[in-house]
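K.L.:
Model the following, please.
(one chain, ligands or ions: 1)
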Amino acid sequence: MKEKIVELISQNIEGMTNDDISLSIEIPPRPEMGDYAFPCFRLAKTMRKAPNMIAADIKEAIGDVDFLDKIEVQGAYLNFFIKPELFVKSMVDAAKAPDFGGSEEGCGKVICIDYSSPNVAKNFHVGHLRTTIIGNSLYKIFSKLGYKVNRINHLGDWGTQFGKLIVAYKNWGSKEAVTENGIAELMRLYVKFHDEADKNPELVDEARMWFNKMENGDEEALSIWQWFKDISLIEYKRTYDLLGIDFDYYLGESFYMDKCQEVVDMVTKAGLLQESEGAMIVDLSEYDMAPCIVTKKDGSSIYATRDLAAIFYRKNTYNFCKCLYVTGQEQKLHFAQVFKVVELLGNEWAKDELVHIPYGLVSLEGAKLSTRSGNIIYAEDILKDAIAKSLEIISEKSPNLENKEEVAKIVGVGAVLFNDLYNQRIKDVSFSWDKVLNFDGETGPYVQYTHARCSSIIRLAEGFDPDMDIDYSILTDAEATALLKEISRFPKVVADAADKYEPSIVARFAVDVAQAFNKFYNASRINVPEDNVRNARVMLTYLTKKTIKDALLLLGIDAPEAM
Ligand code: ARG
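P.N.:
Prediction:
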């Protein structure tokens, strides 16, 4: 419909391309302003006339059109009213398509998303939960737009901390304790190391020696390190399983060990490398940034070196059109430095292909959590608590539900994810169970519940089939049209969310559709004796269910059929 209107306008004005027209067409905020509006301000300059006069002229020139009820001039706007039945039909047809919401803009293009990336031997905490959830949602969003997305887990599995851990393990650890308590024991050993090193600084030298051994391929050092890594991964994977999240590549920092020298050579050759207090750096003062350290005093690589190596590896291996990094905003400077160095090495593409996607903090003040030890918060525990609490609520609300456990998992995990994704990612997230698990607020359970209500309506509608033809005039009332218009926003919502790297746009859309559906549901009886009325309303219910489900999937959230 929009294209048809663009065509009409373009035939009757000069000086704007079809794309220009399409971009300036707006969806009016109120139904009495029509279905589409075209503002004439821009034409005033070239046509040397007042915008409202121009609008009147265009209206005159267009005349009567078969698919339009009327065109109205309202101020500088030309408002188009499409024949309601035709408008309904066009929206229904679009929303029915299996790939509704998606596009082919990304076909043949590769995007890398670097997310989650916990630090080996440390717990998977709430901050890592955010990068994991946001990164996974971006993966789904870009996939929907046709991109091939490589999901990369850049594990923090290298660095001097492993030297410390080995020393601590040898002095105060045991095989049994590590096997039994996993990451918690590794964290205990790490704290113990620092306590002891305060009293006995020689331990620090010893740790450095063990890390050097690792860097030089020492078998014993590497086998302990590998063991710590394996143990950590088992725990991380438990969290990923709860979330239903997967990766294409686990390529941690250690993978780039033997690729760091190449980076140093490149930077040297480009004349960018300088010595500073024994370390080798790239001076970035011209860009108002602290220097990027490339190698430390002892010649070893650091976090930034490995990120530089990773960028070139990814560019050469995957030929990405974008490489996205989802981390907390405290790493803003780090990525700005690294991306700048890549650019200074003569890679103009770094400017728009390397993107840091920061997010805010999570505050758990309002939430009582069952933590394992002290105030160390494991993401896994939050998810498990959410599932347990959901099970309680569901058992109370729907005692006869068959697969309660399965549903509780979907609802509990979905609630946590939705709470995380509902606000702009840069904002801090507050977490309280009352809010997260509320079935009526702007929450995951509310949206899932609406989906389940749709499912039940469809189940009860015997003889309904989504491929059947319906009487479109039934859906021209205010609530049905408002709901259809809401649903029709889906493709734009997905495109915007991708454009801004902002899953919250999809989360808000899911709530908007659910709310519009509930208004429709309260205004119109669905299961009525007249077949044409019933089928049309069930069709709208079906499209609501389908769109909500697809929107939730883009957030990494599933939607149960009943709850
Ligand atoms: N391991 C890091 C952390 O936990 C995040 C890594 C992000 N990715 C990267 N390529 N630097 O803070």
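
K.L.:
OK, contacts around residue 438?
P.N.:
For residue 438, the contacting residues are 445-446, by Cβ atoms under 8 Å, 6 or more residues apart in numbering. In this view, the C-beta of every residue, glycine as well, is placed from N, C-alpha and C.

K.L.:
so what's it scoring on pLDDT?
P.N.:
Turning to residue 438, the model gives it a pLDDT of 88.

K.L.:
And residue 555, by the same measure?
P.N.:
pLDDT, the model's per-residue confidence, is 98 for residue 555.

K.L.:
Run a quick neighbour tally on it.
P.N.:
A total of 27 residues lie near residue 555 under the criterion other Cβ atoms under 10 Å.

K.L.:
heads up, I number from 424, so please use that
P.N.:
All set: I'll call the first residue 424, so the last point we hit is now residue 978.

K.L.:
any idea how far it is from the ligand?
P.N.:
When distance is defined by Cβ to the nearest ligand atom, to the nearest Å, residue 978 is 21 Å away from the ligand.

K.L.:
same thing with residue 885?
P.N.:
Shown here: residue 885 relative to the ligand, a distance of 53 Å by Cβ to the nearest ligand atom.

K.L.:
Not counting sequence-adjacent ones, nearest residue to the residue in the stretch 874-986 of the chain positioned nearest to the ligand?
P.N.:
For the stretch 874-986 of the chain, the nearest residue to the ligand under the criterion Cβ to the nearest ligand atom is residue 924, separated by 15.3 Å. In this structure, residue 924 finds its nearest non-sequential neighbour in residue 780, 4.9 Å apart by Cβ to Cβ, 6 or more residues apart in numbering.

K.L.:
Helices along the stretch 674-823 of the chain, start to end?
P.N.:
Here the stretch 674-823 of the chain has its helices, by DSSP state H, counting those that start in this stretch, at 683-692, 726-741, 755-767, 773-776, 802-820.

K.L.:
Repeat that for the stretch 474-623 of the chain.
P.N.:
474-485, 507-519, 549-567, 584-595, 598-622.

K.L.:
re earlier: in contact with the residue of the stretch 874-986 of the chain closest to the ligand, which residues?
P.N.:
For residue 924, the residues meeting the contact criterion (Cβ under 8 Å, 6+ apart) are 561, 747, 778, 780, 848.

K.L.:
Return the members of these classed as buried.
P.N.:
561, 747, 780, 848 (16 or more other Cβ atoms under 10 Å).

K.L.:
Rebuild those residues as JSON lines, extending it with distance to the ligand and pLDDT.
P.N.:
Compiled in JSON lines, the buried ones among the contacts of residue 924 are given as follows (distance: Cβ to the nearest ligand atom, whole Å; pLDDT from 0 to 100):
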{"residue": "561", "distance to the ligand": "14", "pLDDT": "98"}
{"residue": "747", "distance to the ligand": "10", "pLDDT": "98"}
{"residue": "780", "distance to the ligand": "11", "pLDDT": "98"}
{"residue": "848", "distance to the ligand": "15", "pLDDT": "95"}
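
K.L.:
SS state for the spatially closest residue to residue 951 that is not a sequence neighbour?
P.N.:
Nearest-residue entry for residue 951: residue 957, 5.3 Å, with adjacent residues in sequence omitted and distances by Cβ to Cβ, 6+ apart. State at residue 957, reduced to three classes by DSSP: H, G, I helix; E, B strand; the rest coil: helix.

K.L.:
Residue 957 and residue 949 touch, don't they?
P.N.:
Yes: proximity of residue 957 to residue 949 meets the contact threshold set by Cβ atoms under 8 Å, at 6.6 Å.

K.L.:
residues bridging contact with those two, i.e. touching both?
P.N.:
Here residue 957 and residue 949 share the contacting residues residue 884, scored by Cβ under 8 Å, 6+ apart.

K.L.:
for residue 712, phi and psi?
P.N.:
Residue 712 has phi and psi values of phi -130, psi 150 when expressed as degrees, to the nearest 10.

K.L.:
For the spatially closest residue to it that is not a sequence neighbour, grab the count of nearby residues.
P.N.:
Taking Cβ to Cβ, 6+ apart as the measure, residue 712 lies nearest to residue 760, with 5.6 Å between them; neighbours along the chain are not counted. As a burial measure, residue 760 scores 22 neighbours (other Cβ under 10 Å).

K.L.:
need the helices of the stretch 674-823 of the chain in TSV with distance to residue 590 and mean pLDDT, can you?
P.N.:
Output for the helices of the stretch 674-823 of the chain, formatted as TSV (distance: least, Cβ to Cβ, whole Å; pLDDT from 0 to 100):
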stretch	distance to residue 590	mean pLDDT
helix 683-692	24	96
helix 726-741	21	98
helix 755-767	27	98
helix 773-776	39	97
helix 802-820	28	94
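
K.L.:
right, and these - which one's nearest the ligand?
P.N.:
Of all the helices of the stretch 674-823 of the chain, helix 726-741 sits nearest to the ligand, with 5.0 Å by Cβ to the nearest ligand atom.

K.L.:
is the ligand contacted by that closest one?
P.N.:
Yes: applying Cβ under 6 Å from any ligand atom, one finds helix 726-741 in contact with the ligand at 730, 733.

K.L.:
distance between that helix and the chain's centre?
P.N.:
On the basis of Cα atoms, centre = their mean, to the nearest Å, the separation between the geometric centre of helix 726-741 and that of its chain is 23 Å.

K.L.:
Contacts for that helix, please.
P.N.:
Residues from elsewhere that reach helix 726-741, judged by Cβ under 8 Å, 6+ apart: 533, 535, 537, 573, 575, 577, 581-582, 674, 676, 678-680, 682-683, 685-687, 715-718, 724, 743, 746, 757-758, 760-761, 764-765, 772-773, 777.

K.L.:
Return only those of those found close to the ligand.
P.N.:
Within the contacts of helix 726-741, those near the ligand by Cβ under 6 Å from any ligand atom are 537, 577.

K.L.:
May I have the distance across stretch 979-986, first residue to last?
P.N.:
Taking Cα to Cα, to the nearest Å, the span from the opening residue of stretch 979-986 to its closing residue is 18 Å.

K.L.:
Distance from that stretch to the middle of the chain?
P.N.:
For stretch 979-986 - counting by Cα atoms, centre = their mean - the centre lies 18 Å from the chain centre.

K.L.:
What lies in contact with it?
P.N.:
556, 559-560, 563, 666-668, 817, 821, 824, 829-830, 833-834, 836-837, 840-841, 867-868, 870-872, 874-875, 878-879, 971-972, 975-976.

K.L.:
in it, what's buried?
P.N.:
For stretch 979-986, a neighbour-count test (16+ other Cβ under 10 Å) marks 979-983, 986 as buried.

K.L.:
do you know how far residue 652 is from residue 757?
P.N.:
Between residue 652 and residue 757 the computed distance is 23 Å (Cβ to Cβ, to the nearest Å).

K.L.:
Within the helices and strands, which one has residue 829?
P.N.:
Assessed by DSSP states H and E, residue 829 sits inside helix 827-844.

K.L.:
ok, residue 707 touching residue 716?
P.N.:
No: in this structure residue 707 lies outside contact range of residue 716 using Cβ under 8 Å: 10.7 Å.

K.L.:
Which strands or helices does the lowest-mean-pLDDT helix or strand in the chain pack on?
P.N.:
Ranking every helix and strand in the chain by mean pLDDT, DSSP states H and E puts strand 785-786 at the bottom, with a mean of 83. With contacts defined as 3 or more Cβ pairs under 8 Å, 6 or more residues apart in numbering; DSSP states H and E, strand 785-786 has these neighbours: helix 549-567, strand 852-853.

K.L.:
Before I go, just wanted to say thanks for your time.
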